[in-house]
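Q: below: sequence and its predicted model.
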Amino acid sequence: MSHIFVQIASYRDPELTATVQDAIQKAVYPQNLTFGIMWQGKPGVDPLPVEYLPYCRLLLVDADRSRGVCWARSKTQSLWDGEPYILQIDSHMRFVHGWDELLLHMLRHCPSPKPLLTAYPPAYTPPDHLHPGEPTRLAASHFTEQGILSLASGTSLRYDIKPQLGMFIAAGFWFASAQILQDVPYDPQLYFQGEEINLAVRAWTHGWDIYHPNQIACYHEYTRPGKPRHWEEHHHWWHLDQTAHQRLRHLLQMEASSQIDLDRYGLGTQRSLSSYETFSGVNFRQQQLTNLARSGQPLFDRYSF
């Protein structure tokens, strides 16, 4: 069983400890798990997973100094120490029994040298109520007023016998070889909206193939009533958001700016942005979606480009 580095960015989340506990208790090989956690909280107020410290590498930052989820995710990647596999999750998750073995099994059944598994998991309600759900594709939903592509769960994969090729990435749950940290490091200047399409386009142009699991591995808390949000506690959040949108529009060639240098956070060279648009049915400049984009099912296989 290979080691898995589980990277978690947590902002004042009371579910963090329960998430780590559930992952450990339901893994087949808990001794092969390491958690890299960027904890953004208030000392003495927000809990730390202290009873699980042997499994954890921690960065502790006062919540007042936080610059948002993508900044925090980029920090978690600095805690990686050579583990061969990476699982990125949010700090409010639950798992199925044997999730670690299941993810490795599904990844090995993806016919690609650089596969990535991702999905919007079904929901749970704390502490442990798992809602009925199915494994699904990710699909394009709509463009926001800011021109950012929003995603949604697509068609069910419950009757498929292996993971299915897709076009989009869910930031709160993806699993891949650690090579992705070298190819697609997190841009710390992203904020929140646009994170997922940034990941998808950059991964795909670096030669990664996106697959959606045909079995459920975990669950996610979506509504989170009463839980602190970064943008509710930081009045300057819109400055960060504005910078992130400018960088995303530059990346997607929606508008060019000589003031923006994406450096190592830009597109790859193995496939082009225009081929991704053909593959996914998304036109970024015109903000148009085909029926295939809305269904989440690509028109071509990965060998077409």
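A: Nice, I can see it.
Q: ends of stretch 105-113, how far apart?
A: One end of stretch 105-113 to the other measures 15 Å (C-alpha to C-alpha, to the nearest Å).
Q: which of the residues in it are buried?
A: 106-107, 110, 112 (16 or more other C-beta atoms under 10 Å). C-beta: built from backbone N, CA, C; applies to glycine.
Q: now swap in stretch 38-53 and tell me
A: Here stretch 38-53 shows 38-41, 46-49, 52 as buried, counting by 16+ other C-beta under 10 Å.
Q: quick check: the farthest pair among these?
A: The largest separation in these, counting by C-beta to C-beta, is between Gln40 and Tyr52 at 18.0 Å.
Q: filter the buried residues of stretch 105-113 down to the ones in helices?
A: 106-107 (DSSP state H).
Q: can you lay out the buried residues of stretch 105-113 as JSON lines showing pLDDT and distance to Gln21?
A: Output for these, formatted as JSON lines (pLDDT from 0 to 100; distance: C-beta to C-beta, whole Å):
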{"residue": "Met106", "pLDDT": "98", "distance to Gln21": "24"}
{"residue": "Leu107", "pLDDT": "98", "distance to Gln21": "24"}
{"residue": "Cys110", "pLDDT": "97", "distance to Gln21": "29"}
{"residue": "Ser112", "pLDDT": "96", "distance to Gln21": "33"}
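Q: list the contacts of the closest residue to Ala140 other than its chain neighbours.
A: Sequence neighbours aside, Ala293 is the residue nearest to Ala140 in space, at 4.0 Å (criterion: C-beta to C-beta, 6 or more residues apart in numbering). The contact partners of Ala293, by C-beta atoms under 8 Å, 6 or more residues apart in numbering, come to 139-140, 167, 280-282.
Q: quick one, phi psi at Ala293?
A: phi -60, psi -40 (degrees, to the nearest 10).
Q: pLDDT score for it?
A: Ala293 is assigned 96 on the pLDDT scale.
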